[in-house]
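*Asks:* How does the following fold in three dimensions:
(chains A and B)
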Amino acid sequence: MSDSTTATNFILDIINNDLKTEKYDNRVHTRFPPEPNGYLHIGHAASICLNFGIARDYEGGKCNLRFDDTNPIKEEQEFVDSIIQDVKWLGFDWEDRLFFASDYFDQMYEYAVQLVKSGHAYVDDQTGDQIRQTRGTLKEPGIESPFRNRTPEENLDLLTRMKAGEFEEGSRVLRAKIDMTSPNMNMRDPAMYRILYRSHHRTGNKWCLYPMYDWAHGLEDSIEKITHSICTLEFEDHRPLYDWFLIALGAYRPQQIEFARINVNYTVTSKRKLMQLVTEKHVQGWDDPRMPTISGLRRRGYTPESIQIFCERVGINKRDGVSDIALLDHCYREEMNNSAKRVMAVLDPIKLIITNYPENHVEMLSSENNPEDPEAGTRQIPFTRELYIERTDFMEDPPKKYFRLALGKEVRLKQAYYVTCESVVKDKDGNILEIHCVYDPNTKGGWSQDGRKVRGTLHWVSVDHALDAEVRVYEHLFLKENPNDAEEGKDFISNLNPNSLNILAGCKVEQSLKDATVEEKYQFLRHGYFCVDKDSNSDLLVFNRTVPLRDSWAKKGK
RNA sequence: UGGGGAAUCGUUCAACGGUAGGACAGCGGACUCUGACUCCGUCAAUCUAGGUUCAAAUCCUAGUUCCCCAGCCA
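*Replies:* I've put the predicted structure just below:
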């Protein structure tokens, strides 16, 4: 390992041991094998980080990106493209090892012929229903197919004709001849090939025979000389079958290792459910910033680094659990605190007028871009008589320990001056329209010579210079930690959070944001971390709030 | 006794017969030109019952709970 301080886990233990015993000639070669039938999500990220992380951390380690595209009914090029983009964006490199299971179809078929010839596989003429009915149950053994004892010659003839397209879809399957009484259902003569007259996104109409997962997956790993084939827990009792095929073939056999899938609270990660959210338009697409998809997280503003660190800290083991999304936010804040440029943005503006400040006067004030990073430098910000401040930064009847503006109270305007509130202007209904203050010219830069202190520091923007912006503030997509915990007769959809998207129009942001580019990230002072959304145009900047800053004051109010 | 897995602070990961520790979350405080950051403190766990041992989260026995498997899905 290149970094001994990172957490170890049972998979690394296995690999280290295999290295010690030279089980795989000191090679470490993993793979990430997505099926291109949906978008990648945070759960996949854990697997990607694990597999590519292992390749990165071991001397000479490799990790392949391989599409497990054995089912043309569900798979599409769109998903291949998005997956490639997402893995790349996450920061991983498969070099020249981008593979497709479909590239091995010929080879797989030859292997099948070999099993037929050696009497390990047979063609079954039973219907799907018949096969299901004779499989037995969890507690009762299955019944052998009447076609189970055909000769290798007959099986070979039938298999050849299946491949040639002589038989109807669903009329026959090739089955492994194992044990219909096995307590492991996977070993009860599992199907290897089904007949499907479907066009495949890569092989077109070349095949009408498509391999099943159990048959295909081990072959893919074997062909690529994978050493450690890491998958999720539900494949644990497929391992005997994985091994059986490769042993029967006398082929190179990787070690399958299973770990618990990563779940995250307040969201769902089943492909079916994500698909449902998109198709039923509960969200605006796969990359909706509320989605746990990689593309959604990306658009929301999360970085590859924060996702990687999150996955590392969550860790790997064999118990299923649910991780706290707050940890991702923590990882993100940690990263951004060191790197994000600070800017001032007023999300809910109210006018503040400095009555003793000259009209039509503009002062340029200097502000640091990132107090955590002196190298980030400073910028100039225009200060004028009329400013916008945050509506919530003024209260007529402030509670105790309220540091912000109130009648007669003095606060600091960030990097500018101390101001004291003298009066407010209201409309007929009593709504505050303007806050009138006086400033102390001797506090320029936000510091007083006489040592007097103010507790509150407010952010602001000049009315004349502010840019218009729309800010999208997100909450959890679901109200419950476990969205599947729904009332009787209802499903996860009933737990959708109606306030998961809150659009703030009429926000005012500082001038320096004029040339902000899509995906660029900022800290809006005292608010949180935001990034520019692709919906921005030359008239209106659109920001997504990735995560808010921690706010111990707001917490006290609760 | 169908088979296969898993049980440690609220969550998550460690401890591999020798002081149950870290992170996140929570709570309290200090600091602060971001009520941020940072720092300090604090809360809090070995599924149960027996057994082996000087010593058990760890080994043994018996239970309990949870997850996965009856697709021509992966």
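*Asks:* got the contact list for A:Leu407?
*Replies:* When contacts are counted by Cβ atoms under 8 Å, 6 or more residues apart in numbering, A:Leu407 touches A:396, A:421-424. In this view, the C-beta of every residue, glycine as well, is placed from N, C-alpha and C.
*Asks:* now those residues as JSON lines including secondary structure?
*Replies:* Listed next are those as JSON lines, based on DSSP: H, G, I helix; E, B strand; the rest coil:
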{"residue": "A:Glu396", "secondary structure": "coil"}
{"residue": "A:Cys421", "secondary structure": "strand"}
{"residue": "A:Glu422", "secondary structure": "strand"}
{"residue": "A:Ser423", "secondary structure": "strand"}
{"residue": "A:Val424", "secondary structure": "strand"}
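*Asks:* Let me know the secondary structure of the spatially closest residue to A:Met180 that is not a sequence neighbour.
*Replies:* Nearest non-adjacent residue to A:Met180, counting by Cβ to Cβ, 6 or more residues apart in numbering: A:Gly142, 4.0 Å away. For A:Gly142, the assignment made with three-state DSSP gives coil.
*Asks:* From the contacts of A:Leu407, keep the buried residues only.
*Replies:* Neighbour counting by 16 or more other Cβ atoms under 10 Å classes A:421, A:424 among the contacts of A:Leu407 as buried.
*Asks:* Taking the contacts of A:Leu407 together, which two end up most distant?
*Replies:* Within the contacts of A:Leu407, A:Glu396 and A:Glu422 form the most distant pair, 13.3 Å apart (Cβ to Cβ).
*Asks:* Is RNA strand B within reach of stretch A:49-65?
*Replies:* No. Stretch A:49-65 lies apart from RNA strand B when judged by Cβ under 7 Å from any atom of the strand; the minimum separation is 11.9 Å.
*Asks:* Can you list the buried residues in that stretch?
*Replies:* So stretch A:49-65, judged by 16+ other Cβ under 10 Å, has buried residues A:49-56, A:58, A:61-65.
*Asks:* separation between A:Pro292 and RNA strand B?
*Replies:* Using Cβ to the nearest atom of the strand, to the nearest Å, A:Pro292 is found at 16 Å from RNA strand B.
*Asks:* pretty sure A:Lys508 is in a strand, no?
*Replies:* Yes. Looking at A:Lys508 with three-state DSSP, it is inside a strand.
*Asks:* My guess is it contacts A:Val461. True?
*Replies:* Yes. Here A:Lys508 reaches A:Val461: they are 5.1 Å apart, a contact under Cβ atoms under 8 Å.
*Asks:* okay, and the common contacts of the two?
*Replies:* In contact with both A:Lys508 and A:Val461: A:345-346, A:349, A:388, using Cβ under 8 Å, 6+ apart.
*Asks:* Just the closest of these to A:Gln133, please.
*Replies:* Of the shared contacts of A:Lys508 and A:Val461, the one sitting nearest to A:Gln133 (Cβ to Cβ) turns out to be A:Ala345, at 65.0 Å.
*Asks:* Do a quick rundown of the helices in the stretch 201-350 of chain A.
*Replies:* A:213-223, A:239-249, A:271-279, A:294-300, A:304-314, A:325-339 (DSSP state H, counting those that start in this stretch).
*Asks:* residues touching the residue of the stretch 251-400 of chain A found nearest RNA strand B, list them.
*Replies:* With Cβ to the nearest atom of the strand, the shortest gap between the stretch 251-400 of chain A and RNA strand B falls at A:Gly321, namely 2.2 Å. Contacts for A:Gly321 were tallied using Cβ under 8 Å, 6+ apart; they are A:260, A:263.
*Asks:* try 7 Å
*Replies:* A:Asn263 (Cβ atoms under 7 Å, 6 or more residues apart in numbering).
*Asks:* ok, now the one 3 residues further on?
*Replies:* Under the criterion of Cβ under 7 Å, 6+ apart, the contact list for A:Asp324 reads A:Asn265.
*Asks:* and A:Ala469, which of the three is it?
*Replies:* Assigned by three-state DSSP, the conformation of A:Ala469 is strand.
*Asks:* Counting neighbours, what do you get for it?
*Replies:* Neighbours of A:Ala469 under the rule other Cβ atoms under 10 Å: 24.
*Asks:* how much space between it and RNA strand B?
*Replies:* In terms of Cβ to the nearest atom of the strand, A:Ala469 sits 18 Å off from RNA strand B.
*Asks:* Run through the bridge partners of that residue.
*Replies:* Listed by DSSP bridges, the beta-bridge partners for A:Ala469 are A:Cys507, A:Leu541.
*Asks:* what two of the buried residues of stretch A:49-65 have the greatest distance between them?
*Replies:* A:Tyr58 and A:Leu65 (17.6 Å).
*Asks:* Counting neighbours, what do you get for the residue nearest to A:Met180?
*Replies:* Counted with other Cβ under 10 Å, the neighbours of A:Gly142 add up to 20.
*Asks:* residues in contact with it?
*Replies:* Contacts of A:Gly142 by Cβ under 7 Å, 6+ apart are A:134-136, A:180-181, A:188.
*Asks:* In these, which residue is surrounded by the most others?
*Replies:* Using other Cβ under 10 Å as the neighbour test, those are led by A:Arg188, with 22 neighbours.
*Asks:* Surely it and A:Ser182 touch.
*Replies:* Yes. Under the criterion of Cβ atoms under 7 Å, A:Arg188 makes contact with A:Ser182 at 5.6 Å.
*Asks:* Run through the residues of the stretch 251-400 of chain A sitting next to RNA strand B.
*Replies:* So the stretch 251-400 of chain A meets RNA strand B at A:260, A:313-324, A:326-327, A:329-330, A:333-334, A:337, A:342, A:370-372 (Cβ under 7 Å from any atom of the strand).
*Asks:* Report the buried members of those.
*Replies:* The buried subset of these (16+ other Cβ under 10 Å) comprises A:260, A:314-316, A:323, A:329-330, A:333, A:342, A:370.
*Asks:* Identify the farthest-apart pair in those.
*Replies:* A:Ala260 and A:Arg342 (39.4 Å).
*Asks:* can you list the weak-confidence ranges in the stretch 351-500 of chain A?
*Replies:* Counting by pLDDT under 70, the stretch 351-500 of chain A contains no low-confidence range.
*Asks:* Next, find the distance separating whichever residue of it sits closest to RNA strand B from A:Ile493.
*Replies:* Residue nearest to RNA strand B within the stretch 351-500 of chain A (Cβ to the nearest atom of the strand): A:Gly446, separated by 2.5 Å. Per Cβ to Cβ, to the nearest Å, A:Gly446 is found 50 Å from A:Ile493.
*Asks:* ok, now A:Lys508?
*Replies:* Taken as Cβ to Cβ, the span from A:Lys508 to A:Ile493 is 37 Å.
*Asks:* Looking at these two now, which is surrounded by more residues?
*Replies:* A:Lys508 (23 against 14).
*Asks:* Run a quick neighbour tally on the closest residue to the more buried one other than its chain neighbours.
*Replies:* Nearest residue to A:Lys508, sequence neighbours excluded (Cβ to Cβ, 6+ apart): A:Ala466, at 3.9 Å. Applying other Cβ under 10 Å, we find 22 other residues in the vicinity of A:Ala466.
*Asks:* check contacts around the nearest residue to A:Lys318 once chain neighbours are set aside.
*Replies:* Sequence neighbours aside, A:Ala260 is the residue nearest to A:Lys318 in space, at 5.5 Å (criterion: Cβ to Cβ, 6+ apart). Counting by Cβ under 7 Å, 6+ apart, A:Ala260 touches A:233, A:317-320.
*Asks:* Right, I'll call it a day here.
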